[in-house]
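J.: fold the following and give me the result.
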Amino acid sequence: MCVESIPPPSSRLTRRGVLAGAAALAGTTAVLAASAPQAGAAAREGRQTGGDLVIEGGTLLDPATGEVTEDAVVVIVDGVVRSAGRRGRTEVPDGAEVIDAHGQWILPGLVEGHIHLNTAAEARDAVLLGATSARSGSTNFFQDIAVRELARQAPEQAPRLRAAGVFVTPDLGDTILADPELTPLARLRDGVRSPEALRRVVEVNLARGADVIKTRVNERAGLPEQDPLAQVYDREQLSAVVAAARRGGKGVLCHSYSEKGCHDAVMAGIRSLEHGAFVGERTLHEMRRRGTYFTPTLTAIAGLADSPDPVLAERGRQYLPVLKRAVLAAHEMGVPLAAGTDSSGGKIKPIGREVELMREAGLSALDAIRTATTGAAKLLGLERTAGSLARGFAGDVILLDGDPLSDVTVLKKPLRVVRSGIAL
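T.: Take a look at the predicted model:
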């Protein structure tokens, strides 16, 4: 059976109900109800709320250039950077709230390239750990779309988010209940594998407002009963996903491990390769040629080594050094890298840990920082919004107790986070 004869998913008939359910599951409705009145006003006007703030006296690092400015001042007005530079050269508005950053380092808020945010509480934790912008790695019931809306109305509660909606995978499991438009797929004996079925899941995501599409080429490393090197989609199937996403103007991120799977995914036209532990030289060269991003999620792979399950622990010990070598090879070839922790299940890991592991893989401190600022921002299409504190960029800031160019581990525990000009 195929789903070719079923009409395209409706963007009107069920979207409001589907997303209302997602918001209830994510807990964002309750958070917005308790938020300041201006959040509701901003939503009605179609704009994002933001605060006015001055940060002065710290050492400012520009990840784009590597320039370090001592005794710096950053001025944020209505959530946007108005100016940033050395004291005396930067005008400070009268009456603005001031944060004294003497003895601290000032960096733009970090960009998390792969995270699963299912609840408002997880979103808040991610922000407090320094991730002021992020890209979702999918959720089961469109919760990430609800979190994205929370971030727009109450930015202090969630990272600026690129939502992926539901996973394009052979077995949707309970996700089949996420949307009435997905239920016809429950009758497919072989799961979501035909071009028509693959297209349907992508189209439903697009109709519900997904910013990106998430699919896979290999099984999971985090489940002991699965073989991460086993391929679940071939290049033709992946090409069907990419084509459907492109018709909606969206890119695809692809869960991957084996070299053949990585190569098939890249040749199919994905935007970014996720995990990719065994990606090979030929595939990296193709990624460089195409501008395909590599999001290795070193944090997630390193975490496997601490698992009480012996199969997972052994995978972590085996995969991490291989992945680190792949990251360094990719960097040396000029493949663009993005930091992502792959946090999920309510346990949010600091994006600074991913930067630490990038440094351990052999990147310089500045290049490791760029994977969670300018590099990841470009992947998310936020290169004019996030990753820098230049004029016109978002007023997202982290304050650090130490020089990250000497010790990137300070990124794991920001002293203070500012989201859209609102100090947390």
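J.: next up, the contacts around the closest residue to residue 303 other than its chain neighbours.
T.: Counting by C-beta to C-beta, 6 or more residues apart in numbering, residue 316 is the residue found nearest to residue 303 once chain neighbours are left out, at 6.9 Å. Every C-beta, even on glycine, is put in place using the N, C-alpha and C of the backbone. Shown in contact with residue 316 (C-beta atoms under 8 Å, 6 or more residues apart in numbering): 301-307.
J.: which residues of this protein score low on pLDDT?
T.: Where the chain drops to pLDDT under 70, the residues are 1-8, 10-14, 36-48.
J.: and it, what are its domains?
T.: 41-108+388-424, 110-386 (automatic domain parsing).
J.: what about the residue lying closest to residue 67 once chain neighbours are set aside, how many residues nearby?
T.: Nearest non-adjacent residue to residue 67, counting by C-beta to C-beta, 6+ apart: residue 61, 7.7 Å away. For residue 61, the count of nearby residues is 24 (other C-beta atoms under 10 Å).
J.: what do you get for residue 96?
T.: Neighbours of residue 96 (other C-beta under 10 Å): 14.
J.: shouldn't it be in contact with residue 55?
T.: No. Using C-beta atoms under 8 Å as the test, residue 96 is too far from residue 55 to be in contact (10.2 Å).
J.: roughly how far does residue 164 sit from residue 70?
T.: Residue 164 sits 40 Å away from residue 70 when distances are taken as C-beta to C-beta, to the nearest Å.
J.: those two - which one has more neighbours?
T.: Each of residue 164 and residue 70 has its neighbours counted (other C-beta under 10 Å); residue 164 has more, 27 against 10.
J.: wasn't that one part of a helix?
T.: No. Counting by DSSP: H, G, I helix; E, B strand; the rest coil, residue 164 is not found in a helix; it is coil.
J.: what's the spacing between it and residue 92?
T.: 40 Å.
J.: what segments of the stretch 1-150 of the chain are strands?
T.: 53-61, 68-77, 80-86, 98-100, 105-108, 110-115, 131-136 (DSSP state E, counting those that start in this stretch).
J.: surely residue 282 meets residue 260?
T.: No. With contact defined as C-beta under 8 Å, residue 282 and residue 260 do not form a contacting pair (10.6 Å).
J.: more crowded one of these two?
T.: Between residue 282 and residue 260, counting by other C-beta under 10 Å, residue 260 is the more crowded of the two (18 against 12).
J.: quick check, that one in a helix?
T.: Yes. According to three-state DSSP, residue 260 belongs to a helix.
J.: for residue 213, see how far away it is.
T.: 22 Å.
J.: how about residue 249?
T.: From residue 249 to residue 213 the distance is 11 Å (C-beta to C-beta).
J.: same check on residue 350?
T.: Residue 350 is 27 Å from residue 213, by C-beta to C-beta.
J.: ok, these two, which is more surrounded?
T.: Taking neighbours as other C-beta under 10 Å, residue 350 and residue 213 compare with residue 213 leading, 28 against 24.
J.: so who does the nearest residue to the more buried one once chain neighbours are set aside touch?
T.: Nearest residue to residue 213, sequence neighbours excluded (C-beta to C-beta, 6+ apart): residue 245, at 4.3 Å. By C-beta under 8 Å, 6+ apart, residue 245 lies in contact with 202, 206, 212-213, 251-252.
J.: name the helix or strand for residue 318, please.
T.: Here residue 318 sits within helix 310-333, counting by DSSP states H and E.
J.: continuing past that helix, what's the next helix or strand?
T.: helix 351-360.
J.: okay, the angle between that following helix and helix 310-333?
T.: Angular relation of helix 351-360 and helix 310-333 on a 0 to 180 degree scale: 70 degrees, by axes from the mean of the first three to the mean of the last three C-alpha atoms, to 10 degrees.
J.: using CSV, write down the CA coordinates of helix 351-360.
T.: Taking Å, rounded to 0.1, in the frame of the first residue of the first chain, the C-alpha atoms of helix 351-360 are listed here in CSV:
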residue,chain,number,x,y,z
ILE,A,351,27.2,23.3,25.1
GLY,A,352,30.5,24.3,26.6
ARG,A,353,31.3,20.6,27.0
GLU,A,354,31.1,20.1,23.3
VAL,A,355,33.5,23.0,22.8
GLU,A,356,35.8,21.3,25.3
LEU,A,357,35.7,18.1,23.3
MET,A,358,36.3,20.0,20.0
ARG,A,359,39.5,21.4,21.7
GLU,A,360,40.5,17.9,22.8
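J.: got the contact list for it?
T.: 110-112, 126, 129-131, 297-299, 302, 324, 327, 337, 339-341, 365, 367-369, 371-372, 408-414.
J.: tell me the spacing between the residue lying closest to residue 111 once chain neighbours are set aside and residue 176.
T.: Leaving out its chain neighbours, the residue that sits closest to residue 111 by C-beta to C-beta, 6+ apart is residue 376, at 3.7 Å. Using C-beta to C-beta, we find residue 376 at a distance of 32 Å from residue 176.
J.: ok so, going back, OK, contacts around the residue nearest to residue 111?
T.: So residue 376 contacts 110-113, 133, 135, 338-340, 387 (C-beta under 8 Å, 6+ apart).
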